[in-house]
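>>> coordinates for the following, if possible.
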Amino acid sequence: MGHRDDLLGVFHLESGDLEANRAGKLGEGQARRLVRSGYWNVVAALFGGICLAAILYWVARKPLAPVQWILASGLFLAALAVGIGYMRRTRAAVAEGRVECVTGPVRAQRAGKAGWYLHVADRSFRLPVRPGHVRNGMQYRVYFAPRADVIVAMEPEGWD
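Now for the predicted structure:
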């Protein structure tokens, strides 16, 4: 299995997804995964908000003062708002069904605690795969859903 096949495998591309991307459209499998990722982000945000509120509850003196209840509620709502915002962007991207492509040499770079980012053609995207799957300096076609600003597929340049 070559580098291209390995890269397409980690994106879980189904037959037709890459052809749809080349035509500027989102593949069916990609659309399902994008919607699912939006829902999982809401679940993660709920869990994160509950964890933040629980930490505050366990470390604060009892009984909790009104300001502590307000702070816990605010933390929970802020985490939930982030998750819902991402879900709305992914659903909008799927509804639009459009994919754009940028081509050029890529560079995967760690951005501290924010994680790994892929830099290509004066654009920067959160890297959805492990950085070992990307060869820095190599030419790639990077397909992304512009409404969600999420990479949906990548392939080395010149592999038609």
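
>>> how much space between residue 119 and residue 142?
10 Å (CB to CB, to the nearest Å). Any C-beta I mention is one placed from the backbone N, CA and C, and that applies to glycine too.

>>> what sits in contact with each of these two?
residue 106 (CB atoms under 8 Å, 6 or more residues apart in numbering).

>>> among these two, which residue is more densely surrounded?
Neighbours were tallied for residue 119 and for residue 142 using other CB atoms under 10 Å; the higher tally belongs to residue 142 (23 against 16).

>>> now the more buried one: how far from residue 106?
On the measure of CB to CB, residue 142 and residue 106 end up 7 Å apart.

>>> need the overlap of contacts for these two.
118, 120.

>>> residue 78 and residue 66, how far apart?
18 Å.

>>> now do residue 15
58 Å.

>>> residue 103 in helix, strand or coil?
Three-state call for residue 103 (DSSP: H, G, I helix; E, B strand; the rest coil): strand.

>>> for beta bridges, what are the partners of the nearest residue to it once chain neighbours are set aside?
The spatially closest residue to residue 103, leaving aside those adjacent along the chain, is residue 141, at 5.1 Å (CB to CB, 6 or more residues apart in numbering). Going by DSSP bridges, residue 141 is paired in beta bridges with residue 103, residue 155.

>>> residue 141: how many residues sit nearby?
The burial count for residue 141: 21, using other CB under 10 Å.

>>> check whether it really touches residue 157, as I assumed.
Yes: taking CB atoms under 8 Å as the definition, residue 141 is a contact partner of residue 157 at 5.8 Å.

>>> for the residue lying farthest from the centre of the chain, give its distance to residue 50.
The C-alpha centroid of the chain is most remote from residue 63, which lies 39.8 Å away (CA atoms, centre = their mean). Residue 63 sits 20 Å away from residue 50, going by CB to CB.

>>> likewise residue 103?
43 Å.

>>> looking at the two, which one has more neighbours?
residue 50 (15 against 12).

>>> partner residues bridging residue 145?
Beta-bridge partners, per DSSP bridges, of residue 145: residue 150.

>>> before we move on, what about residue 98?
Going by DSSP bridges, residue 98 forms beta bridges with residue 25.
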